[in-house]
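J.: sequence plus predicted model, see below.
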Amino acid sequence: MHKPLEGQTALVTGASSGIGFGVAEALAKAGAAVAINYHSHGEPAEKLAAEIEKAGGTAFAVGADVSDEAQLDAMFDAVRERFGTVDIVVANSGLQKDARFVDMTLDDWNTVMSVNLAGQFLTAQRAVREFVRRGPRPVSKALGKIICMSSVHEIIPWAGHVNYSASKGGIQMMMKSLAQEVAPQRIRVNAIAPGAIRTPINRDAWDSKEALDKLLTLVPYGRIGEVDDIGRAVVWLASDESDYVVGATLYVDGGMTLYPGFADNG
């Protein structure tokens, strides 16, 4: 079985559930040794690491709050101690604190920004420093790969979620600006913007026929996304198959960003 990431090491933040969990699984199946980051719930990350090891892969769980520089530095130290270095970093950690705009508190705003945007900034910064520190490796054409996890709401407005949408819009321009800056060093920075993906955090949107039917009016392709859809996209972006892809956002959304409300001429 071809394993496009064999010999490489990866770090996935926010990987104890949902999309991050699926991404860590996919990277391991593609041959990468995987560090599975979690914040407050270590058990699922530890269980996933054990399952990967049992299947013949290499993985370990590592706790850190990505908005805390000291914890982030300790996490990168732990990855270096275990794997020697890291080749692929998936900045996936994110959260929501939803409220109507007039009711949203500054704490609601700052909490989301500190994890979703500042957390990705800090994670990507430490990744770039590590890639430059250790230099080229024969396992990849690129010096290193960073994949920022964004959302279709980096371009689709979302009333009631102003902080979340603003954070994802910020990720888009941060990713592109960073990609422009570090591409001459052969560091590839890209993003994935998922649409409606079946995860526990959005269970209310898909766990009944009525809710699912309503959701699917926003998805021209006619099905909800699965975490495997995102995992496969991450593997491709992390592999040499996408070596000429730099500063791009890959929308994995079943066509949600096609604005299906305009399909009948508006």
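T.: Yep, that arrived. Here the structure is a predicted model, which is why all the values come from computation and not from measurement.
J.: CA atoms for contacts and neighbours, from now on please.
T.: Noted.
J.: three-state assignment of the closest residue to M256 other than its chain neighbours?
T.: Leaving aside its chain neighbours, M256 sits nearest to V219 (4.9 Å; criterion: CA to CA, 6 or more residues apart in numbering). Following DSSP: H, G, I helix; E, B strand; the rest coil, we place V219 in the coil state.
J.: how many neighbours does V219 have?
T.: 22 (other CA atoms under 10 Å).
J.: hang on, it packs against V252?
T.: No. Proximity of V219 to V252 does not meet the contact threshold set by CA atoms under 8 Å, at 11.1 Å.
J.: residue contacts, the residue nearest to M256?
T.: D253, G254, G255, M256, P260 (CA atoms under 8 Å, 6 or more residues apart in numbering).
J.: for those residues, pick the one with the most neighbours.
T.: D253 (25 neighbours).
J.: now do the nearest residue to D98 once chain neighbours are set aside against M149, distance only.
T.: In space, and not counting its chain neighbours, D98 is closest to H161: 5.2 Å by CA to CA, 6+ apart. Distance, H161 to M149, using CA to CA, to the nearest Å: 17 Å.
J.: neighbour-wise, which of the two wins?
T.: M149 (28 against 18).
J.: what's the pLDDT at that one?
T.: Reported pLDDT at M149 in the predicted model: 98.
J.: what sits against it?
T.: V90, A91, N92, S93, A191, I192, A193, P194.
J.: re the thing from before, which one of the contacts of V219 is nearest V102?
T.: Of all the contacts of V219, V102 sits closest to M256, with 27.5 Å by CA to CA.
J.: now render the contacts of M149 as JSON lines, adding pLDDT.
T.: Formatted as JSON lines, those follow (pLDDT from 0 to 100):
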{"residue": "V90", "pLDDT": "98"}
{"residue": "A91", "pLDDT": "98"}
{"residue": "N92", "pLDDT": "97"}
{"residue": "S93", "pLDDT": "95"}
{"residue": "A191", "pLDDT": "98"}
{"residue": "I192", "pLDDT": "98"}
{"residue": "A193", "pLDDT": "98"}
{"residue": "P194", "pLDDT": "97"}
